[in-house]
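The following block contains a protein sequence and its predicted model.
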Amino acid sequence: MMRAGLSESSPPTGLTTSKLEESISKGVKSLLDQQQDDGHWVFVLEADATIPAEYIMLKFFLDEVDVEKQDKLAVYIRETQADHGGWPLWHDGPFDISASVKAYWALKAVGDPIDAPHMVRAREAILAHGGAERTNVFTRIMLALFEQVPWRAVPVMPVEIMILPRWFPFHLEKISYWSRTVIVPLLVLMAVKPKPIRNVHIQELFKETPERVRNWHPSNDRSAWATFFRGLDKVLRVGERFIPKSTRRRATALAVKWVTERLNGEDGLGAIYPAMANSVMMYECMGYPKDDPNLVIAKVSVEKLLAGDKDGRFYAQPCVSPVWDTGLACHALLESGEPEAIAKAKRGLEWLKDRQILDVKGDWVARRPNLRPGGWAFQYENAHYPDLDDTAVVAMALDRSQDTQFTPAIERATEWVEGMQSSNGGWAAFEVDNEHYYLNHIPFADHGALLDPPTVDVTARCIGMLAQLGRTKDYPAVARAIEYLRREQEKDGSWFGRWGTNYIYGTWSALCALNAVGVPNDDPMIRKAVTWLLNDQREDGGWGEGGESYYAGVEKSEKVVSTASQTAWAVLGLMAVGEVENPAVQRGIEFLANTQTADGSWDEDSYTAVGFPRVFYLRYHGYRQFFPVWAVSRYRNLMRSNTKQVAWGM
């Protein structure tokens, strides 16, 4: 693809060339100031109050309380209590019963009196929303481990799942990587049913005494699959006691072996907090000595997720995002064109090159046994679980540098990405053809995130990568992927965003991919998407979207505000399909330039990403830094160019 040439178009009134350059320079400096000594970037990854609460309760369960750490996390939990009395899943979000129960529980554990005003407000809100008996399955498992509810409050998940054949309707290979790594150690806990060393009781949060609750699994799902699985749960509850002890021992040993093989050193099982915490409790309940290397390193992995920011806040992160942060930061710096930025981005790319996974065939090999590995993981180390999104982003950044030392890495990544395409033409984050949707009806899966099917945003990233590397829209893998995007477009012209909030993210991703691969800008699906983005712009010139957009039929919250990251996505998407001179783009760039802070960053309290829609939302602290720099730099570059055409895959 031709690289854009340069000319001298003027920026719009109110946005001078000097202001553009100043914004870019300040943003670049802010990014460079946060680069780590070895060349990479890593920003805080913030979730809701549940992770710090779970960390506090884990330490009580083990009787290994670190008062200093728990007190810092308790400050965070208190600060995030909302006006409604409980805790939301995202900033300014509605009350969430499970997050609120965990947050209250943790604060009680650290010593907050239950008659303190904030505890009274929380308790009243929890009881008004049905009490702790209305929490989700994972919360009820935690309640059962602490003997706050009977084990019948939890769906039956026998550890004998480990010995089921592949043809069986439920098998570990049929669910997502995150489900697998969380469930396997949990199966051991649910079989052993260990007791906590230190307990904290919260019976005051139940409207009905737990022993008297008859229906722990209320559901509006009346499908045939849901009816079948509810019946199966009842059968298993009776039949589990008849499983031979030898079978249970064999299945338990297989589960422990499975976890140990994937323990992943100090980066932890699956490199995600819930799996890490479960692995710690699993080794403990199996009686491993305190100095056992596996138990020791599992505990270290949990501690490494604790982090503070420059403002003194303390976080328990769900995971860390150095590969993702570094890849995106490098794109922004390369777009800026500043010599120092390019040199520092080169150091980041060299750091990334060394983290390509070339010698471990992870769980994905079950569907692609003959494919060579070649991807990148999201975290520092997670060799069993590379993902397509990170791989595409990193490969495109390596290619942008035009440095031949990266050619072998790009070629291996391309081979792996092409090999991981699903049969419907799309790409998932970690899996291939992971579309066993009937499993979403099992009682255990009330979070609705058991699977990892193909998504628009990851598919778009893979199309962009292949296009940037020279594949055309007629290339078979790309042609199938374009048709997947065409099928997945919403009636209003937007695309759903699985990993970023939400339709703005999905639409940006799709438009960048379609431009990169040469779909004409007058294609009806592009025009519909442009119209949707233009209509979604807010009065202040920015764009914003909240977590409520993942709920069908829910109107946009009045609390939604324009954000730097979502505004950047919107203008990047519009610029990708020839709209750089559209007044809406100019207003979006003005919004970014005018809201930049003195330190070159942007303020953004909103959560603009998701782990699991409707269940787990994320705030990437890097998004408000590299995406706006990227957008403003691209605008400056395109306004100078003759072709006004974006030359890259994203």
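Noted; the coordinates are in hand. Residues are numbered from 1 along each chain as shown.

contacts and neighbour counts: CA atoms only from here.
OK.

For K290, grab the count of nearby residues.
11 (other C-alpha atoms under 10 Å).

Correct me if wrong: Y484 contacts N424.
Yes: Y484 is within contact range of N424, at 6.8 Å (criterion: C-alpha atoms under 8 Å).

Those two: which is more packed in?
Y484 (20 against 12).

who touches that one in this structure?
424-426 (C-alpha atoms under 8 Å, 6 or more residues apart in numbering).

Pick out whichever of those sits closest to L305.
For these, the closest approach to L305 (C-alpha to C-alpha) belongs to G426, at 32.2 Å.

residue contacts, the closest one?
So G426 contacts 454-456, 459, 480-481, 484-485 (C-alpha under 8 Å, 6+ apart).

run the last query once more with 10 Å
Applying C-alpha atoms under 10 Å, 6 or more residues apart in numbering, one finds that G426 lies in contact with 420, 432-433, 453-460, 462-463, 477-478, 480-485, 488.

pretty sure L187 is touching S179, no?
No: judged on C-alpha atoms under 10 Å, L187 makes no contact with S179 at a distance of 11.7 Å.

joint contacts of Y484 and N424?
Contacts common to Y484 and N424, judged by C-alpha under 10 Å, 6+ apart, are P454.

Report the buried members of the contacts of G426.
The neighbour count (16 or more other C-alpha atoms under 10 Å) marks 420, 432-433, 453-460, 462-463, 477-478, 480-482, 484-485, 488 as buried among the contacts of G426.

For W90, which residues are in contact?
46-49, 80, 96, 546-548, 605-610, 615-619.

thinking L511 is in contact with D523, fair?
No: in this structure L511 lies outside contact range of D523 using C-alpha under 10 Å: 11.1 Å.

For these two, indicate the residue with more neighbours.
The neighbour comparison of L511 against D523 (other C-alpha under 10 Å) goes to L511, with 30 against 10.

That one should be in a helix, yeah?
Yes: the assignment for L511 (DSSP: H, G, I helix; E, B strand; the rest coil) places it in a helix.

gap between it and L305?
Remark: distance between L511 and L305 (C-alpha to C-alpha, to the nearest Å) = 35 Å.

Over to W427: give its phi and psi.
phi -120, psi 140 (degrees, to the nearest 10).

Mind listing the residues bridging to it?
T455 (DSSP bridges).

Quick one: name whatever helix or strand follows the helix or strand of the chain with the lowest mean pLDDT.
Lowest mean confidence among the helices and strands of the chain (mean pLDDT, DSSP states H and E): helix 224-239, at a mean of 88. Downstream of helix 224-239, the next assigned helix or strand under DSSP states H and E is helix 245-261.

Give me the packing partners of that following helix, helices and strands only.
helix 177-192, helix 273-285, helix 293-303 (3 or more C-alpha pairs under 10 Å, 6 or more residues apart in numbering; DSSP states H and E).

most neighbours per residue, which of these?
helix 273-285 (a mean of 24; mean count of other C-alpha atoms under 10 Å).

what inclination does that one have with respect to helix 177-192?
If you take axes from the mean of the first three to the mean of the last three C-alpha atoms, to 10 degrees, helix 273-285 sits at 30 degrees to helix 177-192.

care to break the protein down by domain?
Here the domain parsing of the chain from automatic domain parsing is 17-45+318-640, 46-216+230-315.

Output those domains as a markdown table; include the columns distance to A647.
Shown next, in a markdown table, are these (distance: least, C-alpha to C-alpha, whole Å):
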| stretch | distance to A647 |
| --- | --- |
| domain 17-45+318-640 | 7 |
| domain 46-216+230-315 | 33 |
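
how close does E211 get to D363?
For E211, the distance to D363 - C-alpha to C-alpha - is 40 Å.

between these two, which one's more packed in?
D363 (21 against 11).

And that one, what's its pLDDT?
We note a pLDDT of 97 for D363 in this prediction.

Quick check: it touching D387?
No: assessed by C-alpha under 10 Å, D363 is found out of contact with D387, at 11.4 Å.

Next, show the common contact partners of these two.
With C-alpha under 10 Å, 6+ apart, D363 and D387 have common neighbours 430-431.

returning to what we had before: just the buried ones from the contacts of W90, in ChimeraX syntax?
Selection of buried members from these for ChimeraX, criterion 16+ other C-alpha under 10 Å:
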select :46,47,48,49,80,96,546,547,548,606,607,608,609,610,615,616,617,618,619
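
Enumerate the positions of stretch 533-544 that are buried.
Using 16+ other C-alpha under 10 Å as the test for burial, stretch 533-544 gives 533-534, 537, 541-544.

what are the C-alpha coordinates of it, in PDB please?
Output in PDB follows, covering the C-alpha atoms of stretch 533-544 (Å, rounded to 0.1, in the frame of the first residue of the first chain):
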ATOM      1  CA  LEU A 533     -20.600   7.500  14.300                       C
ATOM      2  CA  LEU A 534     -21.600  11.000  13.200                       C
ATOM      3  CA  ASN A 535     -25.000  10.700  14.800                       C
ATOM      4  CA  ASP A 536     -23.300   9.500  18.000                       C
ATOM      5  CA  GLN A 537     -21.100  12.500  18.500                       C
ATOM      6  CA  ARG A 538     -21.900  14.500  21.600                       C
ATOM      7  CA  GLU A 539     -22.500  18.300  21.900                       C
ATOM      8  CA  ASP A 540     -19.000  18.900  23.200                       C
ATOM      9  CA  GLY A 541     -17.400  17.300  20.100                       C
ATOM     10  CA  GLY A 542     -16.400  14.100  21.800                       C
ATOM     11  CA  TRP A 543     -17.800  10.600  21.900                       C
ATOM     12  CA  GLY A 544     -18.700   8.500  25.000                       C
END
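
Make 56 the first number, not 1, from now on.
In the new numbering, first residue 56, that becomes stretch 588-599.

now it, how far from the centre of its chain.
25 Å (C-alpha atoms, centre = their mean, to the nearest Å).
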